[in-house]
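J.: I would like to see how this sequence folds:
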Amino acid sequence: MVDIVSLGLVAAGIVILLFGAALSIYGVALMGLVIGGGAGYMLSPMVASAAGTEGLAVVAAAVVGGALAGVVITYVLLSMAIAAIGFAVGTYLGLVVVAPMLDEGTLMTIGAAVAVGIAAAFLGMFLKRTTMVVATSFIGAALASRSITPTELQTAQADVTMDPLLFEYTAPVFLGLFALGVLSQTGLFKFGYVTKLVAILPGASVLRDGDEQAS
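T.: Numbering: from 1, shown residues only. All right, here's what the predicted structure looks like:
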């Protein structure tokens with residue numbers, strides 16, 4: 001029997017991988033939903049403890065609440081939202097790349113990951129499109145390649161740690177999908193129909209790099 005949750009994660013990964021940045025503000029909202037929902041899921045044990053209850057309903061409420069918060073923040077504070085997405089994905093990327101090189105859980109590992117996140121957030125303030133292309137390609141490739149699975153998410157939630165979500169970034173499948181995402185999304189911005197889409201959809205023109213905004 002096909003695991004519906006796993007299939008859903010892979011499908012979401014493919015959409016984010018290929019069209020996340022090309023969807024402009026809607027792609028940013030999708031990333032806000034994913035990151036917000038993921039944060040809500042990870043923090044659901046704390047929510048359950050504070051509420052003095054537990055169960056699937058608490059987890060669902062935390063996920064939905066986090067996802068809605070992510071979308072709302074995205075629309076209200078777009079530039080800050082892109083910077084926040086850059087920081088979140090950049091820090092995660094830093095953990096994935098740096099953790100295998102250093103002892104797990106060391107302050108140096110955390111510091112290096114946060115430094116990558118800060119750099120990504122800074123770039124996100126000026127190079128919105130480029131930051132979103134890389135961020136959506138990374139998250140999309142991680143989901144589509146099944147580098148992140150429901151089992152690992154459950155373990156991370158239960159242990160309140162990121163360790164189960166750290167994967168081998170040199171795996172050919174992940175690298176191939178990541179490259180496909182970056183190249184395909186970059187190429188989409190060169191096509192006429194994407195330009196027309198940006199002109200038609202409300203708010204779709206905001207996702208531009210700094211040099212394009214100045215022109």
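J.: Now name the helix or strand holding Gly70.
T.: helix 56-76 (DSSP states H and E).
J.: need the next SSE after that helix, C-terminal direction.
T.: Moving on from helix 56-76 towards the C-terminus, the next helix or strand you reach (DSSP H and E) is helix 78-98.
J.: Tell me the helices and strands packed up against the longest helix belonging to the chain.
T.: In the chain, with assignment by DSSP state H, the single longest helix is helix 25-51. Based on contacts counted as 3 or more Cβ pairs under 8 Å, 6 or more residues apart in numbering; DSSP states H and E, the elements that helix 25-51 packs against are helix 4-19, helix 56-76, helix 78-98, helix 128-144, helix 150-159. No exception for glycine: its C-beta is placed from N, CA and C like everyone else's.
J.: What angle do helix 150-159 and the helix holding Gly70 make with each other?
T.: For helix 56-76 and helix 150-159, the angle between their directions (axes from the mean of the first three to the mean of the last three Cα atoms, to 10 degrees) works out to 100 degrees.
J.: what does the average pLDDT come to for helix 56-76?
T.: The average of the pLDDT scores along helix 56-76 is 78.
J.: tell me the angle of it relative to helix 78-98?
T.: Computed with the same axes, to 10 degrees, the direction of helix 56-76 lies at 120 degrees from that of helix 78-98.
J.: What is helix 56-76 packed up against?
T.: Packed against helix 56-76, as judged by 3+ Cβ pairs under 8 Å, 6+ apart, are the following elements: helix 25-51, helix 78-98.
J.: switch to 7 Å and redo it
T.: In terms of contacts (3 or more Cβ pairs under 7 Å, 6 or more residues apart in numbering; DSSP states H and E), helix 56-76 is packed against helix 25-51.
J.: Report the inter-axis angle for the helix it packs on versus helix 78-98.
T.: Angle between the axes of helix 25-51 and helix 78-98 is 70 degrees (criterion: the same axes, to 10 degrees).
J.: Give the buried residues for helix 25-51.
T.: Using 16 or more other Cβ atoms under 10 Å as the test for burial, helix 25-51 gives 25-45, 47-48.
J.: Before I go, just wanted to say thanks for your time.
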